[in-house]
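Asks: Just to be clear, the model below is a prediction. Sequence and coordinates:
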Amino acid sequence: MSAEATGVTGETRVLVVEDDRGIAESLVRGLRQAGYAVEGVRTGRAALAAPSPDVVLLDLGLPDIDGVEVCRRLRARSDAAIIAVTARGEEADRVVALDEGADDYLVKPFGLAELLARIRAVLRRRRPAEPEVLRHGPLVLDLRTRQVSVDGRQVTLTPKEFGILECLAADPGRLLSRQQVLERVWDDHWYGPTKVVDVHIAALRRKLGAPGLIETVYGHGFRLGEVQESQEGT
Ligand code: CA
């Protein structure tokens, strides 16, 4: 994923899965007024075919596929927050839905204010505050200001170099293939050779000046290596 694609500034997308036309329309309208980007579908099949949203409001009583089964399949393919919706008295379904990966549930009838509060709550739980600063040995990346330093010395990087370093520093020790680096730092339409990654890594190494900080694992890719902070630099 590119840095743009992971941006959290976009609208929160809600998928409303509800076969009752009247309920669906009022939910979609209310959620749109509250500022969400909303898509409404009437069947489990359509829910499973829809692009993965941030939140799914999932009626468990659907005409085609059992709602709990839809919940299970959504959970298997997406990390969207799922709020199961049931009619009064369907407690067993609610329990099973929670076991199958739903984050919360609502019992019909419910008001818009309660729905909005539940959505805010599941989003809070799903999106823990992201770290703004990544550290690894002598390396410090400030993701907000996009400044980088090694042993306290500021290093000026190009956007691509910063992107590569961010990928590596987000999960130090994890091996990233050239293809993974391309997918995350270049856009999705890069069909050129993966060798371009090596060119940028070479420039990055020169600028960072910390031997061993970026390791090449022959035939696989790159990862951050263990490098101690230098004594005089700290
Ligand atoms: Ca229904």
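Replies: In hand now; what should we look at? Numbering: from 1, shown residues only.
Asks: what is the closest residue to residue 106 other than its chain neighbours paired to in the beta sheet?
Replies: Ranked by Cβ to Cβ, 6 or more residues apart in numbering and with sequence neighbours excluded, the top spatial neighbour of residue 106 is residue 85, at 5.1 Å. C-beta here means a position set from N, CA and C on the backbone, and glycine is covered the same way. As for beta bridges, residue 85 partners with residue 59, residue 106 under DSSP bridges.
Asks: Look up how far residue 228 lies from residue 85.
Replies: Using Cβ to Cβ, to the nearest Å, we find residue 85 at a distance of 54 Å from residue 228.
Asks: which of these two has more neighbours?
Replies: Under the criterion of other Cβ atoms under 10 Å, the comparison of residue 85 against residue 228 puts residue 85 first, with 25 against 10.
Asks: which ones are touching the more buried one?
Replies: Going by Cβ atoms under 8 Å, 6 or more residues apart in numbering, residue 85 touches 18, 57-60, 105-108, 110.
Asks: among the residues you listed, who's most crowded?
Replies: Neighbour tally across the contacts of residue 85 (other Cβ under 10 Å): the maximum, 27 neighbours, falls on residue 58.
Asks: That residue and the ion, how far apart?
Replies: 10 Å (Cβ to the ion, to the nearest Å).
Asks: my read: that residue touches residue 84, true?
Replies: Yes - Residue 58 lies in contact with residue 84 (Cβ atoms under 8 Å); the separation is 5.4 Å.
Asks: Pull up the overlap in contacts between these two.
Replies: Shared contacts of residue 58 and residue 84 (Cβ under 8 Å, 6+ apart): 67, 71, 97, 102.
Asks: which one of those is nearest the ion?
Replies: Nearest to the ion out of these is residue 67 (Cβ to the ion; 7.9 Å).
Asks: Would you check how far apart that closest one and residue 105 are?
Replies: 11 Å.
Asks: do the same with residue 158
Replies: 48 Å.
Asks: Kindly report the same for residue 125.
Replies: From residue 125 to residue 105 the distance is 14 Å (Cβ to Cβ).
Asks: Repeat that for residue 17.
Replies: Counting by Cβ to Cβ, the gap from residue 17 to residue 105 is 13 Å.
Asks: for residue 152, same thing?
Replies: 51 Å.
Asks: In contact with the residue lying closest to residue 179 once chain neighbours are set aside, which residues?
Replies: In this structure, residue 179 finds its nearest non-sequential neighbour in residue 194, 6.1 Å apart by Cβ to Cβ, 6+ apart. By Cβ under 8 Å, 6+ apart, the contact list for residue 194 reads 178-179, 182.
Asks: Residue of the chain nearest the ion, please.
Replies: For the chain, the residue closest to the ion is residue 61, as judged by Cβ to the ion, at 3.6 Å.
Asks: Thought residue 88 was touching that residue, still the case?
Replies: No - with contacts counted by Cβ under 8 Å, residue 61 stays clear of residue 88, the gap being 11.7 Å.
Asks: neighbour-wise, which of the two wins?
Replies: Of the pair residue 61 and residue 88, residue 61 is the one with more neighbours under other Cβ under 10 Å, namely 15 against 8.
Asks: I'd like to check which residues are in contact with the more buried one.
Replies: 19, 67, 86-87, 90.
Asks: if you go through the chain in chain order, where are the helices?
Replies: Taking DSSP state H as the criterion, the chain contains helices spanning 21-33, 44-49, 67-77, 91-99, 112-126, 159-170, 178-185, 195-208.
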